Structures are given as structure tokens and as C-alpha cells.
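# Provide a 3D model corresponding to the input given below.
(one chain, ligands or ions: 1)
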Amino acid sequence: MMQITRCLLCAAGLACCLAFAGAQARPDAAKVVDDGIVIEDVTLISPERPAPLPHAAVVIRNGKIAEIGTSLVAGPHAQRIDGRHRFLIPGLIDTHVHVGDVAPLDDDAIAAHPDLLEAYRAQLPRAFLAFGFTTLVDLNLAPDTLSWFNRAPVHPTLYHCGPAVRVIGGYTAQRIPKDAAAANRINIVYQSSQAKDWPAALDPRDYTPARAADRVVAAGGICLKTFVEPGFGGVFHWPVPTAETLDALRAETRRRGLVFVIHANAVESWQAAIGAHADVIAHGLWHWPGDRMSATPPAEARDTIAAAVRAGIWVQPTLQVIYGEGSIFDASLLDDPRLAESLPRSVIAYLKGSEGQAVRRAMADEYRQAFAKVLGPSVDPATAMSIGPARVTATLRLMLADNVKLLFGTDTPAGEGIGNPPGLNGRMEMGHWAEAGVPLPRILRAATLDNAVAFGLAKDLGTIEVGKRADLLLLRADPLKTIAAYDAIDTVFVNGTVIARTSLLPAN
Ligand SMILES: [Zn+2]
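Alright, predicted model coming up:
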């Protein structure tokens, strides 16, 4: 009888019926949700929706999005989160990271100061979350990464490609493995064209493309990555996988349901990746034939981008890989307050100190030598450094004009040094996309839904829909209006756990 009475009252639209919920009363039949987490009266922005949904409520139960509506209000037993003047978006996904690489600290620094490595690793998962990245894909998983990363009290969900597949003497496999353990660790694949370099201790039958793919699956990988890196535009001359090897790897990835990712940043490497029907090209295009100091992509680069469009390949432009190198000659990032939101204080103090500065100067010397080798002695390093960002931006604009399927990935930390700090690097990458003219909705989609689709994670991730994992960001500004909205993260939800951003920042 009681229930019938309440029902009638609600149907009559009596405001008193809602008042007991202590929530924003809305006249039309509000439903009281009295368990879980209720984010009330928020502007919901999700990439599959044609427009934001204002005054939305999102209910989280058991780590998942349980209900979405415009007439849900929190009861006294639910955890109510006030979404007024806030924007709710899916947690960001970065599908190109290397969380095991400790770029700001070289081996000597780690040997001399093991506490710095400990501090860096303790902060790293928090730094990704603080900048909104709730899911990561590590494209070349270092052996011990999962154990320390997943032990962190709060961390993004980490997917990976297991050990990336390499050829003897190729990029990241210059040292010839002495035994099977070393060969398996770098997931070497045999190709007959390299028979003379093959170590006698290793049986080529154990290093077929099929065995390489098996190693990825055994490691728990969702993707297989290999490198077509002939040597950074002429600085080095490395062997690369042949078309035959790439074709075989493609076949093995298809057979196992793995995403096929190829590292490529030069015209001929992109062409190899396109020819091999890669799913993802893991870099932008910045090496092309002709004048190395020109920022105007030649016909070959334009044609290659057009071919990637025709092949329907996803591309990660990774601009910050190039921008980040600038910090080798310009250390102003060390005084950027945003860096203090990414790296522990002790690590920044080390980098600013005499040891850190000496390492940076040594790296700068290496770069000067490389520039002298490929550009000649007359080009000064600062000028040489400035051309890289112009080149990656020019090709990103071409990709945009051609409607390349852009994916958000950063390659954090791309190289040694301070230029690609965890979390912040993704924010800087987003900034470069925006400066290059990528529309803000496209940036959001590339870092959420498109990443989820490309890596086979869309059942759980990428949008705010019922049944998906409750990985969400509550922002104080509208990410469809300003890129600075990503500097205004209030709250991060990971698997439904509510985390205030301030609690993720390094301790002072
Ligand atoms: Zn990478």
C-alpha cells in the first residue's frame, strides 16, 4: 500500500516526493539511487555521443558504470559526488609507453642512488593517473615491470605487447645475444638474410616468427611489436626485418588475435609497415629523402601518408618524442612547476645538481656529434633541434588533411633524459596536437574510444557506457572547448575507486 502511495505521488510530480533524497530536485520522476557512487548533475562527454549530455548522473557499482541518466539522484547511503560545473570524460588511454625505462636516471645514477629509482618508480603510476591516464599499453615490456608496477597501491591498468620482436644487430638488439635466455628476453627472430650473423649457440628453429609470437602470448601480451628502424635517418645503419619476416609476423599475429604494431618513422619504414598490413604504425613521419633541414614534406612523404589512409592503418604521431629531445639543450623544463607534478622532488633535485647536469652535457655532446655526422659541421645544434618539431608537425597536418586514423600514444619516455616525464608527457603531446590543428573532439576520441577500438579493449574501455569499467575523469573545464581542461582534473576514477588528483602528486 505504501509503495502504491509513493508511486502515485511521484507520478503526480510532487516535489515533496523528492525532497527526502536531499538532492537537486528535478520535477520529472527522479529515481533515487541509494548504493554505490553517484556522480550527480555533471556534463557527460563521451566520444560515441554526438553531443555532451548535460545534467547527467552516472552510477558506479563494483568498479563498473552501472547506470546513466538525467533523473537519477543519490540517496543517503550512496556516495554522492557533486558534478555541478564539472565535465565527466572517459579515463585517457596512452597506447605507447615503456614504463620500465627510467629515462631521467642513467645506469650510473641508479647504481649510486638506488633510492632515486625507488622514488621514481613509486611515483610513476601515480604520475600517469594525475595527468588522466588510467590505461597504458607498454609496447615493449621489460621483464620485471609487471611485478613492481602492479604492486603500486594505485596504478593505471597496464596492457602490453610482451617483449618486442627484434632482428640480430637491429635497433635495440645491437648486442648479439650469447645464449637462449638473452635471445628470448629480446625476442629475437631469425631471418635467412642474416644467417652469417646468427649466433652458433642458437637453433634458428627456436626463433621463427611463430615462436616470437608464442613468446608474446606467453608473456600475456595483447599485441606484437617490431621495429623497422634503419638508424634514425642515417645516424646509424641497422638491419631491419625483411618483407618476408614482416609478412610472417603479420600472419602469426592474426592467428593469435594480437594487434600488429610496427615502429616506423621514415618513409621507407612506413612503406614496409603498410606493405605488411600493420594495424598500428607506432610513430609519426619525420625522416624523408632530401634536405634534412627542410620542414616541407616531399611527394614521397605525402604519397606514403595517403597510402596509410588507403590501408586503414592507425597512426600514433608521437610529436613529443621529437619535442622532448629539445630538453637536452634546454633544461628549462626542470623549473616548470608541472614537472613537480610528475617526478619526485628528490629526482628533480638530482637532475638539477652537478651529477644530473654532467649527464645532460654528455648527452648534448653525443647529439652534437650525430648532427655533425649527418648535417655537416656548419649546422648549429639549436637550429638542428628546432627543425624536428617543424617536420613532425608538418606531417601531422598532412595526416589530418588526409584523415589518417590517429591514435594517441606518446612513447613515454622516448629517449634518455628529462624530456618525456611520465604523465606530463601525454599532456604535452595533447598540446602539440592542438597546436597543429587537431580538433579537440578528435584528440579526446584518439585518447579514448579509438585507442580502445584499435587495441581490442572497447568492450571495457573508451566511452562512458553502462557495463564499461569505471575509469573516468572529472574536469573543471570543458575539454571540447579548451585543451587546458586537461590541466583541470579534479578527480580520477580507476576501476571505480575515487581518487582526488591532489593525492596523486609527489609529496613536498
Ligand atoms: Zn616506443
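
# for the stretch 151-300 of the chain, what spans make up the helices?
Along the stretch 151-300 of the chain, the segments classed as helices by DSSP state H, counting those that start in this stretch run 180-185, 209-219, 243-256, 267-275, 299-311.

# Quick check: bridge partners of the residue most central in space within the chain?
In the chain, the residue lying closest to the centroid (Cα atoms, centre = their mean) is Asp94, at 1.9 Å. Beta-bridge partners recorded for Asp94 (DSSP bridges): Leu136.

# In this structure it contacts Leu424, no?
No: Asp94 lies out of contact with Leu424 (Cβ atoms under 8 Å); the separation is 11.8 Å. (Glycine included, C-beta is placed from N, CA and C.)

# picking up where we left off before, want to try a markdown table for the helices of the stretch 151-300 of the chain, with mean pLDDT, mean neighbour count and distance to Val347 as columns?
Converted to a markdown table, these look like this (pLDDT from 0 to 100; neighbours: other Cβ atoms under 10 Å; distance: least, Cβ to Cβ, whole Å):
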| stretch | mean pLDDT | mean neighbour count | distance to Val347 |
| --- | --- | --- | --- |
| helix 180-185 | 92 | 16 | 27 |
| helix 209-219 | 98 | 19 | 29 |
| helix 243-256 | 98 | 18 | 37 |
| helix 267-275 | 98 | 21 | 34 |
| helix 299-311 | 97 | 16 | 38 |
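
# Domain parsing of this protein, as residue ranges.
Per automatic domain parsing, the structural domains of the chain span 9-90+467-504, 92-454.

# so where's the protein uncertain?
1-28, 508 (pLDDT under 70).

# What are the contacting residues of stretch 246-253?
With contact meaning Cβ atoms under 8 Å, 6 or more residues apart in numbering, stretch 246-253 is reached by 165, 189, 208-210, 212-213, 223-224, 226, 228, 241, 258-260, 262, 272-273, 275-279.

# do the same with stretch 384-403
With contact meaning Cβ under 8 Å, 6+ apart, stretch 384-403 is reached by 284-286, 292-297, 301-302, 305-306, 308-309, 315, 317-319, 321-323, 325-326, 328-329, 367, 371, 375, 406, 432-433, 435-438.

# circling back to that earlier point, so which of the helices of the stretch 151-300 of the chain is nearest His155?
Closest approach to His155 among these is made by helix 209-219 (18.5 Å; Cβ to Cβ).

# List the contacts of that closest one.
Outside helix 209-219, the residues that touch it by Cβ under 8 Å, 6+ apart are 141, 160-163, 165, 184, 187-189, 223-224, 245, 248-249, 251-253, 255-256, 258.

# Burial check on Ser332, number of neighbours?
The local packing of Ser332 (other Cβ atoms under 10 Å) involves 9 other residues.

# ignore the last one, Val58
Val58: 27 surrounding residues under other Cβ under 10 Å.

# Bridging across strands, which residues link to the nearest residue to it once chain neighbours are set aside?
The spatially closest residue to Val58, leaving aside those adjacent along the chain, is Ile39, at 4.6 Å (Cβ to Cβ, 6 or more residues apart in numbering). Bridge pairing for Ile39 (DSSP bridges) gives the partners Val58, Ile81.

# Spit out the contact partners of Ile39.
By Cβ under 8 Å, 6+ apart, Ile39 lies in contact with 57-60, 81, 83, 88, 472, 474.

# Top of those residues by number of neighbours, please.
Greatest neighbour count in the contacts of Ile39, by other Cβ under 10 Å, goes to Ala57: 29 neighbours.

# In what element of secondary structure is Val32 found?
Per DSSP states H and E: Val32 is located in strand 31-33.

# which helices and strands sit right next to that strand?
Using 3 or more Cβ pairs under 8 Å, 6 or more residues apart in numbering; DSSP states H and E, the elements in contact with strand 31-33 are strand 72-74.

# Direction included, what does the strand it packs on pair up with?
Taking DSSP bridges as the criterion, strand 72-74 forms sheet pairs with strand 31-33 (parallel).
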